[in-house]
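Engineer: Take this sequence and fold it.
(2 chains)
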Number of protein chains: 2
Amino acid sequence: MTISTALDALSQLLGQRLSRSKPDLDQHAASESYYPPAPPDAVAYPDTTEEVARLLAICTEHGCPVTGWGAGTSLEGQAQAFSGGVVVDFRHMNKVLEINAEDMDVRVQPGCTREELNTELRTTGLFFPVDPGANATLGGMAMTRASGTTAVRYGTMRDNVLGCQVVLADGRVIRTGTRARKSSAGYDLTGLMVGSEGTLGLVTELTLRLHGQPEAVTAAVCAFPDMHGAVQAVIETIQMGVPMARIEFVDAAMARIFNAASGATMPEVPHLMVEFHGSDAGVREQAETFGQIVADHGASGFDWATRPEDRTKLWEMRHRAHWSTLAGAPGKRALVTDICVPISALARAVEDTAADIADSPVNGPILGHVGDGNFHAILLFDPDDPAELDAVKALSHRMAERALALGGTCTGEHGIGIGKRAYMQAEHGDGWQVMAALKAALDPHNILNPGKLVPQAG
Amino acid sequence: MTISTALDALSQLLGQRLSRSKPDLDQHAASESYYPPAPPDAVAYPDTTEEVARLLAICTEHGCPVTGWGAGTSLEGQAQAFSGGVVVDFRHMNKVLEINAEDMDVRVQPGCTREELNTELRTTGLFFPVDPGANATLGGMAMTRASGTTAVRYGTMRDNVLGCQVVLADGRVIRTGTRARKSSAGYDLTGLMVGSEGTLGLVTELTLRLHGQPEAVTAAVCAFPDMHGAVQAVIETIQMGVPMARIEFVDAAMARIFNAASGATMPEVPHLMVEFHGSDAGVREQAETFGQIVADHGASGFDWATRPEDRTKLWEMRHRAHWSTLAGAPGKRALVTDICVPISALARAVEDTAADIADSPVNGPILGHVGDGNFHAILLFDPDDPAELDAVKALSHRMAERALALGGTCTGEHGIGIGKRAYMQAEHGDGWQVMAALKAALDPHNILNPGKLVPQAG
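Structural biologist: Just a heads-up that it's a prediction; the model follows:
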């Protein structure tokens, strides 16, 4: 019952596709989180669900930890094997298996990325909307319950995974959900798996909901004198039922970084970036209504982008926020925070956070998915300066506590991993113990991503 | 460790609010399902979460079964105490606790009905959209993962419960979810509770998502030569992204019943009933697009209802389908089926079902939520004629098998209870055993609605 006997059996199963080479271990040691590298003992590259099932049966038998790996873009250490054992990299299982255009769903393997899927869908008139910025794998996005800029309109992974095939710790393979749009047939196992960060099973197939490519799209950016007006404008827009497809907030610091990185000429004040999807007339009407509302809240510098290339430029700038911020601060690393609050509390949460950062020795632009009440600060620190790391950790800690005090959550979309376990008791109370009981029921030997999400055993 | 010692302790706790009177037991013996009456040993009327917690701790200690009761409108026996014990009737816990208009959410007690909630919301500009027809309690609707006519636009209870307060079998009280719109903080316990039919805990509070009352509403009914054209029209409408608020199908038999019950003059052929919500211009555009699509599929007799009273009449007729069907067949009872399939398979599922009913000795109109692929046959039988009961059960059985063969589910919105347990293994495979493991983890003494949803213990 050791990792090494497990690896011998896995070598028999996978041959060359169980790697113990240093480059492979190093490549899977660190994700985009700020945690120190943690190389696994081996990396497995399964080709089939059957191989994953046999792999998990072996690992359960030998007590060998198993951590799933998609694109390594998770931010809370979910993909890092801090307990050693085997990392299961799904890069070989990256196919689009079946597109059902009439039913607007698709069956994919977990290693397929969202960009790869949308490329395959291009000629169907359909698209997969969940967009966390990074070109993450769909399996990874399901496991962290990812969302991003379009969640305000199209929902998160919770809303867009119709079902999955899951290999349980003991090697049993189950299918959750059906291709029907809804069901009342028992516990929502799909919903339980989505967001479980590989602690309850490894997902080997996903059935995803697709959406029609909108007939018309228009995007805009506008400047606000302060955060409060921007948030109130968003609240009113939502209450009027205007279906915004994206509605993003960036603060003055972020506008400055965009200007430096992209040659944009945004005024260095808070901005909203918005996008509407619909018919030509519908989009026009939505844009007009929105224009009136934001004008009432002091917005200026309204700039509409209806040409695809202008919209692409706008959203690329937004999507590259993380990298632009790092590029503008050579030698720094980033701790990216991720809190989500009721939207009525959003202005206060952002303003208090901005003041807190201003009072600290570090920098951190703020941006977020304002329609969901979710925002991030990209807190910059010098990895060789323990005082800066302490400062960003303290800021992040106060943000999480602020979110909980305002009735929100410590993570809107990045997940728990190891980074947010400290807030689970405060956020869930005995509910966290319930999660532990569910984990123990499905993974009694605690081989699936141990040390993540649930309380430490023992 | 008997039910009777539990009831002694519960009498101490609740006084007069633990009833063992025959009228009370009889009133809680039968729900709207076709199952025979099953009176509990007692009915409890708790006033507070704390009382529910003490009640459950007592029942776990004494091994006394506990079944939750809202309005008794469930159709698969969920609210019936087939194992005896205590039925917990939530009629005293029926308050709207807190309306957050800016955040578009509301906190309610489980005994509040959807109509009571919408009455309280009337002046806020907001409404709660999930509408199963019956004036069910919101707690009951959450527990069966109810949906109904508006799910195509606003989602089911899965999508509209943001969080809940749950008392576990051992009396611990947990809160699931937060008031934030989304979260990645661990397993989705809210989603696990929604649809759990009182087998994992008793819900004592719900936080629900609200929606803005639409500026404009328009509804219409139109006739089709056959089912196939109606379904294809709906598929095209969905693919074009037209946001239908309701889209209902009724067959020729149902149209005949509507005419008899409501004095309507519908042609006795298949119909679609549709409703659009939006701005004035948006609704007009949606209606025009829809009108063109259905015309391409042979629709006729298009009749738009924009006046509220005309719309009310239309939807009352639809909502009273169940009762109108029974009223038109004195002495009969109804077994209401509830399957849901991928929409591409819907025409076939309905046509095969209609042919199957036509070949049987019983009658049964068909109607359904065509945008979700979900439909019902209201199968009529004489309760004193075992051959008719056998015939409707056989029809219902073949419908469930048909749904599974087409990639669908044995229940779109009515749930499992005792009625659909027979299909759980076929629908979920080992996933059903996973449900049993989750149930055992949270309710090891199996006191919560025993005999429902999961495999029988032992």
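Engineer: Kindly report the residues of the stretch 301-450 of chain A close to chain B.
Structural biologist: A:338, A:340-344, A:372-374, A:403, A:407-416, A:420, A:423-424, A:427-432, A:434-435, A:437-438, A:440-442 (CB under 8 Å from any CB of the partner chain). For glycine as for every other residue, the C-beta is placed from the backbone atoms N, C-alpha and C.
Engineer: Buried members of those into PyMOL, please.
Structural biologist: In PyMOL, this line selects whichever of these come out buried by 16 or more other CB atoms under 10 Å in any protein chain shown:
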select buried, chain A and resi 338+340+341+342+343+344+372+373+374+403+407+408+409+410+411+412+413+414+415+416+420+423+424+427+428+431+432+434+435+438+441+442
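Engineer: Quick check: A:Gly429 touching B:Arg175?
Structural biologist: Yes - with contact defined as CB atoms under 8 Å, A:Gly429 reaches B:Arg175; the gap is 6.6 Å.
Engineer: Residue numbers of the stretch 1-150 of chain A in contact with chain B?
Structural biologist: Checking the stretch 1-150 of chain A against chain B by CB under 8 Å from any CB, the hits are A:Asn100, A:Ala101, A:Glu102, A:Asp103, A:Met104, A:Asp105, A:Gly125, A:Leu126, A:Thr144, A:Arg145, A:Ala146, A:Ser147.
Engineer: Now do the contacts for the closest residue in space to the last one that isn't next to it in sequence.
Structural biologist: Excluding its sequence neighbours, the residue lying closest to A:Ser147 (CB to CB, 6 or more residues apart in numbering or on different chains) is A:Thr156, at 3.7 Å. A:Thr156 makes contacts with A:Val130, A:Arg145, A:Ala146, A:Ser147, A:Glu413, B:Lys182, as judged by CB atoms under 8 Å, 6 or more residues apart in numbering or on different chains.
Engineer: Surely the first one forms part of a strand?
Structural biologist: No - following the definition DSSP: H, G, I helix; E, B strand; the rest coil, A:Val130 is coil and is not counted among the residues of a strand.
Engineer: you'd agree it is up against A:Thr149?
Structural biologist: No - counting by CB under 8 Å, A:Thr149 is not a contact partner of A:Val130; they are 9.4 Å apart.
Engineer: measure A:Glu32 to A:Ile343 for me?
Structural biologist: Distance of A:Glu32 to A:Ile343, computed by CB to CB, to the nearest Å: 28 Å.
Engineer: One more: A:Glu309?
Structural biologist: For A:Glu309, the distance to A:Ile343 (CB to CB) stands at 32 Å.
Engineer: Dump the residues of the stretch 1-150 of chain A next to chain B into a markdown table; add pLDDT as well.
Structural biologist: Shown next, in a markdown table, are the residues of the stretch 1-150 of chain A next to chain B (pLDDT from 0 to 100):
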| residue | pLDDT |
| --- | --- |
| A:Asn100 | 96 |
| A:Ala101 | 94 |
| A:Glu102 | 92 |
| A:Asp103 | 95 |
| A:Met104 | 95 |
| A:Asp105 | 97 |
| A:Gly125 | 94 |
| A:Leu126 | 96 |
| A:Thr144 | 97 |
| A:Arg145 | 98 |
| A:Ala146 | 97 |
| A:Ser147 | 96 |
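Engineer: Max pairwise distance over these: which two?
Structural biologist: Across the residues of the stretch 1-150 of chain A next to chain B, no pair lies farther apart than A:Glu102 and A:Thr144, at 30.3 Å, counting by CB to CB.
Engineer: residue closest to the middle of chain A?
Structural biologist: Of all residues in chain A, the one closest to the mean position by CA atoms, centre = their mean is A:Ala146, 3.3 Å from it.
Engineer: so that residue is in which element?
Structural biologist: Using DSSP states H and E, A:Ala146 maps to neither a helix nor a strand.
Engineer: cool, and A:Val43?
Structural biologist: Per DSSP H and E: strand A:42-44 holds A:Val43.
Engineer: the helices in the stretch 251-400 of chain A, which residues?
Structural biologist: Ranges of helices in the stretch 251-400 of chain A, per DSSP state H, counting those that start in this stretch, are A:252-262, A:280-296, A:308-319, A:321-327, A:346-358, A:386-405.
Engineer: Would you mind listing the buried residues in the fourth one?
Structural biologist: Think helix A:321-327. In helix A:321-327, counting by 16+ other CB under 10 Å, buried: A:Ala321, A:His322, A:Ser324, A:Thr325, A:Leu326.
Engineer: number of nearby residues for A:His445?
Structural biologist: Using other CB atoms under 10 Å in any protein chain shown, A:His445 has 18 neighbouring residues.
Engineer: Going along the chain, name the helices of the stretch 51-200 of chain A.
Structural biologist: With DSSP H, counting those that start in this stretch, the ranges of helices along the stretch 51-200 of chain A come out as A:114-121, A:138-143, A:151-154, A:157-160, A:189-193.
Engineer: one step back: which of the contacts of A:Thr156 sits closest to B:Ala299?
Structural biologist: Ranked by distance to B:Ala299 (CB to CB), the contacts of A:Thr156 are led by A:Val130 at 35.1 Å.
Engineer: re earlier: adjacent strands (with direction) for the strand holding A:Val43?
Structural biologist: strand A:18-19 (antiparallel), strand A:86-89 (parallel) (DSSP bridges).
Engineer: Of these, flag the one that's most buried.
Structural biologist: strand A:86-89 (a mean of 28; mean count of other CB atoms under 10 Å in any protein chain shown).
Engineer: which residues sit against that strand?
Structural biologist: Contacts of strand A:86-89 (CB under 8 Å, 6+ apart): A:3, A:6-7, A:10, A:18, A:28, A:40-46, A:52, A:55, A:59, A:64-69, A:79, A:81, A:111, A:202.
Engineer: Narrow the residues you listed to those in strands?
Structural biologist: A:Leu18, A:Ala42, A:Val43, A:Ala44, A:Val66, A:Thr67, A:Gly68, A:Trp69, A:Leu202 (DSSP state E).
Engineer: Can I get those residues in TSV including pLDDT?
Structural biologist: Output for these, formatted as TSV (pLDDT from 0 to 100):
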residue	pLDDT
A:Leu18	98
A:Ala42	98
A:Val43	98
A:Ala44	98
A:Val66	98
A:Thr67	98
A:Gly68	98
A:Trp69	98
A:Leu202	98
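Engineer: What is the burial count for the residue lying closest to the residue nearest to the centre of chain A once chain neighbours are set aside?
Structural biologist: The shortest distance from A:Ala146 to any non-neighbouring residue, by CB to CB, 6+ apart, is to A:Pro132 (4.5 Å). Residues lying near A:Pro132 (other CB under 10 Å) number 23.
Engineer: Perfect, I'm done here.
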